[in-house]
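Student: would you be able to build a 3D model of this:
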Amino acid sequence: MLKRLFALLLVAGIVAGSQTSGAQSQPPTPSLTKASNKHQNKSTHAAQPAGGNEQITLRPPIVVKVLNPPNADAIARELKKDREQRAADEESNWIFSWLLVLVGAGQAAVLLYTALVTSKTANAAKKSADALIAAERAYVFVKAIDAIEMRDAKGNVVGWQSVVVWRNSGTTPTKDMTTFINWCPFDKPIDENFYFADSVDGTIPYPGHSFIGPKAEIHMPAFRIGTKDIVDLREGKKFLYIWGWAEYRDIFPGTEIHRTEFCSEVVVLPVPGNPDAAIIDFRHFPSYNSAT
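Tutor: Sure, this is the predicted structure:
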């Protein structure tokens, strides 16, 4: 009888303990209001022992989301796809870069070709202009030096007057033309290193200012030769030279000043059978004869 009573009491105690532990482990519901929370907190503080240091704090539940483990095959496919995309992008960038290089090279070639064509065209135009100027410009030279007999009232020859003939062979006239002529007798022949100064004896002949039209000429008197000078020249006692220059511009803009220089030796030759007669010749001197 006592054994049965003890067993009943033991079962009742176990049942009461399980109910108490179940009530304490039950979590608070979210639908509680602030008032119920305050009431629970007051109840909790009231339930604490007066002399204890422990404090019971109720915390909200932690929500844990369980994810499925990743698929290894899907990851491998994504990685492979990404590598293929990168390779395709790099190949596209490489092709695009080379296309840019080719386009730049083509543009450079076109520019070079254009520059060459432009340069050739400009050179051809300049050559044509130079050829036109060379063909049309004024070109002055000494055509001849004439000796004109001078006679007295009785018809006797008393000397000769030398005349320099300037000619313009161009088809355009001269511009700002200046001429200068000098002459001098010497006791011996001069050589090619002689300095043809504008003045030999300290006097400078006055330069002439003139104009020559296209395909035209002018006659400029130079000096007179007397009969005594003729005899000295014929016998080789004197040597006479005449020289000079002409400077002028042409009508084309931007051209340089042109200069023509000349020098001739005056030679007197005897006439066979007539000692009083003479032939005057003007021989081209080796130096100081040029034209630009």
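
Student: what residues are bridge-paired with Val142?
Tutor: Val142 has the following beta-bridge partners by DSSP bridges: Trp166.

Student: got it, and His258?
Tutor: Tyr248.

Student: secondary structure element for Asn148?
Tutor: No Asn there; residue 148 is Ile. strand 140-151 (DSSP states H and E).

Student: for that strand, what is the average pLDDT?
Tutor: Averaging pLDDT along strand 140-151 gives 92.

Student: mind listing what's buried in that strand?
Tutor: Neighbour counts using 16 or more other Cβ atoms under 10 Å place 140-142, 145, 147 of strand 140-151 among the buried residues. Using the backbone N, CA and C atoms, a C-beta is placed for each residue, glycine as well.

Student: any chance of those in JSON lines, with distance to Asn274 too?
Tutor: Listed next are those as JSON lines, based on distance: Cβ to Cβ, whole Å:
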{"residue": "Val140", "distance to Asn274": "38"}
{"residue": "Phe141", "distance to Asn274": "34"}
{"residue": "Val142", "distance to Asn274": "30"}
{"residue": "Ile145", "distance to Asn274": "23"}
{"residue": "Ala147", "distance to Asn274": "17"}
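
Student: quick check, nearest of the residues you listed to Ser287?
Tutor: Val142 (14.8 Å; Cβ to Cβ).

Student: now the closest one: how far from Val163?
Tutor: For Val142, the distance to Val163 (Cβ to Cβ, to the nearest Å) stands at 11 Å.

Student: longest helix of the protein?
Tutor: helix 72-136 (DSSP state H).

Student: which strands and helices sit next to it?
Tutor: Taking 3 or more Cβ pairs under 8 Å, 6 or more residues apart in numbering; DSSP states H and E as contact, there are no helices or strands that helix 72-136 lies on.
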